[in-house]
Each structure stands twice: as structure tokens, then as C-alpha cells.
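[1] Pasting a predicted model and its sequence here:
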Amino acid sequence: MSTAIDTAVIIVFSVFIMMIGFLFARTGRNLKSFFAGGEAVPWTIGGLSLFMSFFSAGTFVAWGSIAYQHGWVAITIQWTMCIGGLVTGLYLAPRWKATGNLTAAEFIRERLGVDVQKSYIYIFMLVSLFIKGSVLYSVAKLVGSSLGFPLLPTTIVLGLFMIAYTAVGGLWAVMVTDILQFVILTAAILIIMPLAFNAAGGVEKFLEVAPERFFNVVNGEFTWGFIIAFALYHIFYIGGNWTFVQRYTSVDTPKSASKVAYLFAGLYIISPILWMLPPMVYKTINPSLVGLDTENAYLMICKHVLPAGLMGLILTGMYFSTSASANTALNVVSAVFTNDIYKGSINPKASDRKLMRVARISSWLFGLGMIGIALIVPYIGGIVEFTLSIGAITGGPLLAPPIWALFSKKLTGRATLVITLVSLGVNLVFKMLLPLSMGFKLSRSNEMLLGVGLPFLMLAIYEWVISKKQNSPEYNAFQVSKAKRKESALQMNEEEAFEIKKQNRFGLRVIAFALAFIAVLMFVLSLLTTAGSAMVAGIAVLILLSAIIPFMASRKVKLEPETVH
């Protein structure tokens with residue numbers, strides 16, 4: 001593998017993506033346009049962006065490690081995300097859109113009170129930094145190991161690049177680059193699949209020499225109990241995570257919000273199979289990996305079969321998939337801080353210009369915190385343990401109560417805080433204190449069941465106990481705020497409606513241009529690579545043809561100003 005060619009591929013694609021992000025530097029006029037795309041983002045773009053925001057290089061490192069060790073169960077685990085997407089599309093996404101709120105934090109403030117909102121904001125920002133720091137670690141490890149760069153500077157450079165275009169361009173910059181990252185990643189995966197099977201001696205040979213139980217839908221510590229608990233967790237996570245809620249609130253109608261989640265679910269039926277087969281194949285080529293070395297299984301199969309240039313494409317896809325996830329989180333954390341802390345408590349009378357400056361500065365500050373977390377992941381057990389532990393401890397307590405509040409007329413802010421803090425405390429006791437003090441440790445499935453089951457059970461009991469009482473004061477106040485917001489939305493002026501259409505048409509045309517440019521880069525790459533050149537050229541043709549879709553969609557956006565009644 002020629003490191004120079006692979007490095008050049010990564011740099012060229014990275015500079016191009018950065019330039020695309022900078023094109024949106026002037027599109028953020030106010031918080032609504034910067035953080036919610038004017039609430040008129042096409043649902044197809046929102047769905048692809050949700051998919052890429054959920055996905056990261058941690059998929060290749062964490063689930064790739066499980067696929068190498070245990071086989072098909074890594075795919076089963078990820079199918080629980082499809083279940084979460086379907087339930088979200090049916091029940092949760094349209095509810096979030098119907099609230100009329102810009103962020104989940106804004107909904108929590110209006111529905112459950114300022115005290116609950118502030119508590120949730122601080123916990124959410126901390127958890128987000130830990131989770132996105134872990135995925136930054138994943139991609140830095142992949143890129144650094146592949147190209148021979150030290151982990152520390154690689155982590156810092158990649159992290160700074162992620163922050164830059166999020167702080168500059170806002171939601172549209174994030175979503176456009178999400179689309180490009182989806183295209184690059186899909187191209188990379190389609191290229192590696194046939195090369196991996198060829199290196200293993202063909203599909204029949206792979207099936208013949210695969211370890212016993214390798215194709216069982218559950219395996220090892222990942223039992224049916226774990227799968228059920230993980231499915232419940234992903235209903236909460238996909239339906240209630242503040243990062244993803246932004247995708248449901250940035251489209252035009254509740255029906256479009258459902259389509260965003262349905263597209264996500266559809267992509268998660270097929271994608272896990274394509275992602276997890278390469279590390280499974282590598283198990284039959286080199287079965288000797290143990291411990292944290294299994295986290296490198298995906299990287300090793302890539303290095304084993306890919307020629308110079310294509311390895312750079314794979315790393316670019318993995319890096320950008322991670323940056324999609326991290327950028328979305330940074331955008332939302334910055335939105336929450338700017339809209340709900342700075343504007344809500346510190347400076348309520350701040351101008352749009354002042355708020356935009358705070359939004360961009362806060363993106364940088366939170367991004368630097370993410371880099372700091374990424375640097376300590378190797379010292380706290382590796383990516384698999386870190387990811388699953390954070391999910392088990394915080395997922396249910398933080399996400400279940402706000403989702404419950406979407407439907408409940410009785411839930412109060414005080415009850416929400418009690419349920420959240422009690423379930424968080426119990427999870428921490430069983431995850432950290434008991435293992436350290438008494439050597440007692442829950443199994444992976446029981447740990448996850450406790451994390452998602454306890455808050456759900458407490459909420460159900462609370463709702464049953466107070467079922468005959470009147471609606472909570474917070475619910476009544478929320479209904480008043482919702483009515484006022486709806487009336488204000490109907491009074492949107494002609495200029496704002498025109499600017500939203502202009503921004504959306506611009507975004508669609510940038511996507512069309514970017515896809516065409518990526519196709520050209522892929523054609524060049526097909527001339528440089530020593531294997532799979534015809535396949536790369538064929539994918540380039542498909543990408544070029546796909547550029548027609550957003551271009552034609554942009555032509556349907558009429559810019560004649562029209563009054564919104």
C-alpha cells in the first residue's frame with residue numbers, strides 16, 4: 001500500500017468537503033435557519049442525514065470487533081436500530097414535529113419546566129461529549145494505524161477539521177456533507193465486499209471454514225435478553241436523542257418527520273449486512289486476533305485486500321461517517337447552549353447577529369471538549385466497553401421521560417427529575433460501585449435491561465398512580481405556548497419565506513455539484529488503482545447519474561416571493 005497515494009486521496013476529499021461546508025457560511029441568518037434549516041428541509045435529505053448522524057467509524061471498530069469474534073450477532077444487534085426507526089416513524093417523530101419546538105431542550109422547558117431543562121441540558125452536553133469523543137477516537141485509531149501516524153496528533157487534527165465546518169455552516173452544511181459522506185462510504189463498502197470474498201477463496205469457502213455458531217443470530221454474551229433490551233434502548237435513543245430530534249423538527253410536516261425515520265429504518269435493514277461481512281470474512285483469513293486487537297479487524301481486512309488509493313477511499317468514508325455523527329452532535333449541543341442557555345437565561349434580548357456569534361464560538365468550545373475525551377478513551381477499557389456502558393447508564397434515564405411527556409398529560413417536572421436521578425443513580429451503582437466494592441457485575445443483557453427497564457417501569461407506575469388526577473400545570477402551560485407558537489408561525493413574513501426557499505434551493509444545487517465532482521474524483525481514482533478499477537469507474541458513473549436527482553429537485557423550488565397566510 002502506498003501511503004502517499006492514500007494520504008493524497010484523504011486530503012483531496014477532505015479539502016473538498018471543507019469547501020462545501022464553507023459555502024454555507026452566509027446562509028445562517030438566525031437560529032431557525034442555522035439550527036433547523038428553516039424547518040423546510042426535504043425529508044429524503046433529513047433521512048439520509050439521520051442515518052449518517054447515527055452511524056460512525058465506531059460501527060467498524062465496535063461492531064466490527066463483535067462481528068469478528070461472534071459473527072452474525074453483530075448484524076442482529078444493529079437490526080434493533082431498524083426497529084427503533086420504525087417505532088419512531090410510527091409514533092415519535094410526528095409528535096416531535098407537532099410540538100413546534102426548535103430543539104428537544106426547548107420542548108422540555110415548555111412541557112416540564114426550567115429546572116428539568118437545565119438539569120437535562122448539563123447532563124446531555126456531558127454525555128454527548130463522551131459519546132462523540134469515543135467515535136473520534138475510533139476514526140483517529142483507524143486513520144493513524146493505517147497511515148502510520150501517531151494517535152495523539154491524528155486525533156487533534158481530525159477533530160479540528162470536524163469542528164470547523166459545523167461552526168461555520170450550521171445544519172445545512174452538516175446535512176449536505178452527510179449526503180456526500182453517505183455516497184463516499186457506500187462506494188467504499190461496495191468496493192471492499194467482492195475483494196474480501198475473493199481473498200477468502202470465495203463465498204462457499206468462507207461458509208465452509210467459518211467457526212461454529214458464527215451464523216447464529218445470538219451468540220456469546222449477546223443473548224436474546226440483550227437484543228430485546230437493546231431494541232428498547234434504540235426506541236428511546238432514535239426517538240428521543242436530542243441530536244436526532246433535530247432531524248424530525250427541521251422538515252415541514254409531521255408526515256415528513258415520519259418519512260425521515262422510515263428512511264433511516266429501511267437503510268438499517270441492508271447496511272449492517274454490508275458492513276459486518278468483511279470482518280466476518282477476515283476471521284477465516286486470520287483467526288488469531290484477541291483482546292483489543294479485534295477492534296482492528298475491519299482495518300486489517302482493508303489493508304489485506306485493497307490496493308493504494310482504495311484504502312484511502314475506505315478511510316475517507318470511515319472518517320466522514322464519524323464526522324457526520326460528531327458534527328450533528330456539535331450542532332445540536334451548540335443549538336441547546338445558544339437557544340436554551342444563552343438566549344433563555346443569560347441574554348434574552350440578544351440580537352440574531354449576537355446569537356449567531358455565540359453559536360459558532362460554542363461549537364468550537366464543545367468540539368475541543370470532544371477532542372479531549374477522545375484522547376482518554378484508550379485508558380478506560382476500549383471502544384466496545386465504553387460505548388455500551390454509556391448507553392446502558394444514561395440512555396433510559398435521560399431519554400424515556402421526555403418521550404413519555406410527548407404523550408402524557410399528567411407527568412410533572414418534579415416527577416421527571418426524581419425518575420431520572422433515581423434511575424441514573426441505580427445504574428451507576430450497578431455499573432461502577434458494586435463491581436469495584438464487591439466484585440458483583442451484571443451480565444451485558446441484564447445491564448441493558450436495567451438501564452432501559454427501570455425508568456420505563458417507574459414512569460408507568462407514576463402514570464397509573466395519578467391517572468385520576470387533573471392534567472399537570474406544566475402540560476396546561478405547554479398547550480398555551482404551543483398555540484402562541486403556531487399563531488406566530490402562520491404570521492411568517494414574505495421575506496423569511498423567500499429566504500427559506502432560497503436556502504433550500506442553494507443546498508440542493510450544492511449537493512448536485514458535489515456529487516458530480518465526487519464522480520470525477522472517483523474516475524481519476526479508477527485510473528490510479530491497480531485492482532478493482534472497473535468497479536470504481538462503474539460506481540463513479542452511478543454517482544454522476546445520481547447528481548441529476550437533487551439538481552432537478554432544485555429546479556422545482558420557485559423563488560417568486562409569496563405571502564404566507
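    Thanks, I have it.
[2] from here on, contacts and neighbour counts on C-alpha atoms
    OK.
[3] check contacts around the nearest residue to residue 280 once chain neighbours are set aside.
    In space, residue 280 comes closest to residue 68 once its chain neighbours are excluded; the distance is 4.9 Å by C-alpha to C-alpha, 6 or more residues apart in numbering. The contact partners of residue 68, taken as C-alpha atoms under 8 Å, 6 or more residues apart in numbering, are 279-280, 282-283, 294, 297.
[4] so how many other residues sit close to residue 204?
    Residues within reach of residue 204, counting by other C-alpha atoms under 10 Å, total 10.
[5] contact partners of the helix or strand encompassing it?
    Taking DSSP states H and E as the criterion, residue 204 maps to helix 203-209. When contacts are defined by C-alpha under 8 Å, 6+ apart, helix 203-209 is touched by residues 197, 200, 281, 284.
[6] for it, which positions count as buried?
    Neighbour-count burial for helix 203-209 flags residue 206 (criterion: 16 or more other C-alpha atoms under 10 Å).
[7] If you count contacts, what does the helix or strand following it end up packed against?
    Counting by DSSP H and E, the element after helix 203-209 in chain order, helix or strand, is helix 224-240. Where contact means 3 or more C-alpha pairs under 8 Å, 6 or more residues apart in numbering; DSSP states H and E, helix 224-240 is packed against helix 73-87, helix 383-407, helix 444-465.
[8] most tightly surrounded among the ones you listed?
    Per residue and on average, the most neighbours among the helices and strands packed on helix 224-240 fall to helix 73-87, with a mean of 24 (mean count of other C-alpha atoms under 10 Å).
[9] so for that helix, what's the average pLDDT?
    In this model, helix 73-87 carries a mean pLDDT of 94.
[10] Please report how far residue 263 lies from residue 47.
    With the distance defined as C-alpha to C-alpha, to the nearest Å, residue 263 ends up 5 Å from residue 47.
[11] Among the two, which residue is more densely surrounded?
    Taking residue 263 and residue 47 together and counting by other C-alpha under 10 Å, residue 47 has the greater number of neighbours (28 against 22).
[12] List the residues that contact that one.
    247, 259-264.
[13] Try it again at 7 Å.
    For residue 47, the residues meeting the contact criterion (C-alpha atoms under 7 Å, 6 or more residues apart in numbering) are 260-261, 263-264.
[14] mind checking how far the helix or strand where it lies is from the chain centre?
    Under the criterion DSSP H and E, the helix or strand holding residue 47 is helix 43-54. Going by C-alpha atoms, centre = their mean, to the nearest Å, the spacing between the C-alpha centre of helix 43-54 and its chain's C-alpha centre is 9 Å.
[15] pLDDT of that helix, averaged?
    Averaging pLDDT along helix 43-54 yields 82.
[16] And for stretch 377-395?
    If you average the pLDDT over stretch 377-395, you get 65.
[17] same thing with stretch 127-138?
    Rounded mean pLDDT across stretch 127-138 is 76.
[18] Report the buried residues of it.
    127-138.
[19] Tell me which of those fall in helices.
    127-138 (DSSP state H).
[20] would you list the residues you listed in a markdown table and tack on distance to residue 420?
    A markdown table is the format used below for those (distance: C-alpha to C-alpha, whole Å):
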| residue | distance to residue 420 |
| --- | --- |
| 127 | 14 |
| 128 | 17 |
| 129 | 20 |
| 130 | 19 |
| 131 | 19 |
| 132 | 22 |
| 133 | 24 |
| 134 | 24 |
| 135 | 26 |
| 136 | 28 |
| 137 | 29 |
| 138 | 30 |
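[21] quick one, strands of the protein?
    The residue ranges that make up strands in the chain, judged by DSSP state E, are empty, as it has none.
[22] lowest confidence element among the helices and strands of it?
    Comparing every helix and strand of the chain by mean pLDDT, DSSP states H and E singles out helix 31-36 as the least confident one, with a mean of 47.
[23] before we move on, the earlier item: nearest to residue 158 among the contacts of residue 47?
    The nearest member of the contacts of residue 47 to residue 158, counting by C-alpha to C-alpha, is residue 264 at 26.4 Å.
[24] can you list the weak-confidence ranges in the stretch 101-250 of the chain?
    Counting by pLDDT under 70, the stretch 101-250 of the chain contains low-confidence ranges at 146, 164-175, 177.
[25] circling back to that earlier point, show me the one of the helices and strands packed on helix 224-240 that comes nearest residue 255.
    helix 73-87 (13.5 Å).
[26] From the contacts of residue 47, which land in helices?
    Here DSSP H is the test, and the contacts of residue 47 give 260-261, 263-264 as lying in helices.
[27] Among these, which one has the most neighbours?
    Neighbours were tallied for each of those (criterion: other C-alpha under 10 Å), and the maximum of 33 neighbours falls on residue 261.
[28] does that residue really touch residue 88, like I thought?
    Yes - under the criterion of C-alpha atoms under 7 Å, residue 261 is in contact with residue 88, at a separation of 6.2 Å.
[29] list the residues that contact both of those two?
    A shared contact of residue 261 and residue 88, defined by C-alpha under 7 Å, 6+ apart, is any residue touching both; here there are none.
[30] about what we covered before: ok, and the most crowded of the contacts of helix 203-209?
    Counting neighbours by other C-alpha under 10 Å, residue 281 comes out on top of the contacts of helix 203-209 with 29 neighbours.
[31] Noted, bye for now.
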